[in-house]
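Asker: structure, please.
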Amino acid sequence: MTYLSSFQGGVIRSLAAELRTGGLGTAALAFVLGAVHALTPGHGKAALAAYFLGTEARVGKGLRVALSAALLHVLSGFAVFLVLRFIIGQAPSITSRGSPTFMLFGYGLIVIAGAVMLVQALRPSSTTHDGASALTAGIGLLPCPLTISVLGFAWAQGTAAMVGLVLMSLTLGITTTIGIVAVLAIVARSRMGTAFAHRLPLFERNARLLQGAAAVAIIAIGIYTLRVALVT
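Answerer: Now for the predicted structure:
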């Protein structure tokens with residue numbers, strides 16, 4: 001965490017300098033910042049891994065969930081900046097805390113995603129929903145102070161095109177990191193199936209147990225992270 005914090009600080013300073021001059025390195029630096037920032041806690045990686053370890057899915061679905069969550073994360077951060085800047089009249093600070101309402105809503109949706117998975121594991125024929133939408137919203141609707149501040153700085157220093165470039169690059173960077181987590185979980189589950197191919201009937205009977213365990217993990221992750229976020 002110390003190394004990530006130091007490296008991230010250097011990227012932010014370089015990005016700020018590029019934004020002031022309108023440099024061509026803005027897109028690359030914003031991408032790196034998004035990718036590194038997503039390595040820090042609070043971006044749903046544990047919940048995402050638990051979900052795809054417990055649910056049969058293709059790589060394409062994992063990437064779609066990662067992209068959707070990252071885009072929602074950045075857009076919600078930009079929306080919070082607009083509210084702070086033009087409605088409340090407050091400039092966001094890089095050290096400010098995230099909104100308790102957003103944290104409650106976002107982590108609450110992660111808990112709901114786990115609950116949907118648990119119900120599906122217990123009664124697989126009762127629903128066609130797999131909790132992916134709730135998980136995506138739960139991860140995405142957690143705008144962090146850094147995202148808000150970077151987008152706000154881009155707004156203050158650059159043109160609308162530059163703001164859009166930063167938004168897109170941050171999204172792709174975050175997508176890369178959490179997408180790797182999702183794909184690794186999907187591949188791990190697939191390899192588990194391949195390794196136990198000779199005992200497939202038994203594996204199939206226990207598949208719902210794995211999904212149920214992952215659902216419980218998602219619920220626990222959501223509740224614990226929400227508790228820590230609100231207490232600290």
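Asker: lowest-pLDDT helix or strand in this protein?
Answerer: When the helices and strands of the chain are scored by mean pLDDT, DSSP states H and E, helix 100-122 comes last with a mean of 70.
Asker: and the longest helix for the chain?
Answerer: helix 160-195 (DSSP state H).
Asker: which helices and strands does that one pack with?
Answerer: Helices and strands touching helix 160-195, by 3 or more CB pairs under 8 Å, 6 or more residues apart in numbering; DSSP states H and E, are helix 26-37, helix 45-54, helix 59-82, helix 145-157. (Each C-beta comes from the backbone N, C-alpha and C, glycine too.)
Asker: and it with helix 45-54, angle?
Answerer: 40 degrees (axes from the mean of the first three to the mean of the last three CA atoms, to 10 degrees).
Asker: for helix 160-195, the averaged confidence score.
Answerer: Looking at helix 160-195 alone, the average pLDDT works out to 87.
Asker: which element follows the least confident helix or strand of the chain toward the C-terminus?
Answerer: helix 132-140 (DSSP states H and E).
Asker: any idea how far His73 is from Leu146?
Answerer: Computed with CB to CB, to the nearest Å, the distance linking Leu146 and His73 is 11 Å.
Asker: looking at these two, which one has more neighbours?
Answerer: His73 (28 against 21; other CB atoms under 10 Å).
Asker: count the residues that sit near Val83.
Answerer: Neighbourhood size, Val83 [other CB under 10 Å]: 14.
Asker: distance of it from Val74?
Answerer: With CB to CB as the criterion, Val83 and Val74 are 15 Å apart.
Asker: in TSV, list the helices and strands packed on helix 160-195 along with distance to Val163 and mean pLDDT.
Answerer: Below are those laid out as TSV (distance: least, CB to CB, whole Å; pLDDT from 0 to 100):
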stretch	distance to Val163	mean pLDDT
helix 26-37	10	90
helix 45-54	27	81
helix 59-82	8	87
helix 145-157	5	76
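Asker: figure out which of these is closest to Ile221.
Answerer: Of all the helices and strands packed on helix 160-195, helix 45-54 sits nearest to Ile221, with 4.9 Å by CB to CB.
Asker: helices or strands next to the closest one in the packing?
Answerer: In terms of contact count using 3+ CB pairs under 8 Å, 6+ apart, helix 45-54 is assigned the packing partners helix 59-82, helix 100-122, helix 132-140, helix 160-195, helix 200-231.
Asker: on that earlier part again, export the helices and strands packed on helix 160-195 to TSV and append columns for distance to Ile221.
Answerer: Rendered in TSV, the data for the helices and strands packed on helix 160-195 read as follows (distance: least, CB to CB, whole Å):
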stretch	distance to Ile221
helix 26-37	19
helix 45-54	5
helix 59-82	15
helix 145-157	21
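Asker: out of the ones you listed, flag the one nearest Gln211.
Answerer: Short answer: helix 45-54, nearest of the helices and strands packed on helix 160-195 by CB to CB, at 4.2 Å.
Asker: which of the residues in that closest one are buried?
Answerer: 45-54 (16 or more other CB atoms under 10 Å).
Asker: may I see these organised as TSV, with distance to Leu170 added?
Answerer: TSV is the format used below for these (distance: CB to CB, whole Å):
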residue	distance to Leu170
Lys45	17
Ala46	21
Ala47	21
Leu48	18
Ala49	22
Ala50	25
Tyr51	23
Phe52	23
Leu53	27
Gly54	29
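Asker: need the nearest residue in space to Tyr46, chain neighbours excluded.
Answerer: Careful, residue 46 is Ala and not Tyr. Ile221 (5.2 Å; CB to CB, 6 or more residues apart in numbering).
Asker: could you measure from the one you found over to Val59?
Answerer: Using CB to CB, Ile221 is found at 23 Å from Val59.
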